[in-house]
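**Q** here is my input, please return the structure:
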Amino acid sequence: MSTEADRFGEVVAITDGFKEVMARFPTGVAIATVCDERGLPHGLTVSSFCSVSLDPPLVLLCVAKSARSFPAFARAAEFAVSVLREHHTDLAKRFATSDEEKFRRGGLVRTPRGGLVVDDALAVVECLVDQLHDAGDHVIVVGKVVDTRTTEPGTPAVYFNRRFAALSC
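**A** All right, here's what the predicted structure looks like:
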């Protein structure tokens with residue numbers, strides 16, 4: 001019969017092992033942004049961003065409930081996602097923090113729709129929030145794509161083994 005301490009140890013071991021496994025999965029890096037009811041910007045770095053559907057065009061991103069910007073994402077009617085280039089790693093690190101001043105240090109521009117996106121991002125999508133799904137310590141935000149933009153081809157920012165890495169093609 002296992003004790004409570006044994007079960008806690010098993011959970012910790014699974015969590016640690018899960019983190020190690022996921023660190024070995026290379027992901028792209030993006031910055032997701034929203035504006036709250038007062039028009040104030042909020043944003044965070046995301047690696048869990050992907051397409052869901054082509055018809056209608058849907059994407060998803062996952063936002064930690066512990067993120068400072070979570071309340072704004074949970075109430076937002078729309079959001080934008082900027083796919084980062086390799087040289088945007090400092091911006092990605094800045095948006096991975098809870099620093100309230102992350103927008104004041106530049107690097108973002110307004111879109112014609114009014115969203116905030118990374119200047120010179122590899123690609124941008126603007127979305128209307130379609131659905132929110134509770135998922136453990138995160139919420140999955142599904143967005144209906146209403147606008148897209150791509151810029152000059154380039155090397156994407158990639159995150160692998162807990163650090164930024166170069167993608168060689």
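**Q** note down every partner strand of the one helix or strand Cys127 maps to and its orientation.
**A** For Cys127, the enclosing helix or strand under DSSP states H and E is strand 123-135. Here strand 123-135 has these sheet partners by DSSP bridges: strand 78-83 (antiparallel), strand 138-150 (antiparallel).
**Q** for that strand, what is the distance to the chain centroid?
**A** On the basis of Cα atoms, centre = their mean, to the nearest Å, strand 123-135 is displaced by 11 Å from the centre of the chain it belongs to.
**Q** centre-most residue in this protein?
**A** For the chain, the residue nearest the mean C-alpha position is Val46 (2.1 Å; Cα atoms, centre = their mean).
**Q** let me know whether that one touches Ile31 as I believe.
**A** Yes - using Cβ atoms under 8 Å, Val46 is in contact with Ile31, at 7.2 Å. Quick note: C-beta positions are derived from backbone N, CA and C, even for glycine.
**Q** overlap of the contact sets of those two?
**A** Val81 (Cβ atoms under 8 Å, 6 or more residues apart in numbering).
**Q** quick check: bridge partners of the closest residue in space to Ser51 that isn't next to it in sequence?
**A** Excluding the flanking residues, the one nearest Ser51 by Cβ to Cβ, 6 or more residues apart in numbering is Val59, at 5.5 Å. With DSSP bridges applied, Val59 shows beta-bridge pairing to Ser51, Gly143.
**Q** that's all I had, so thanks and see you.
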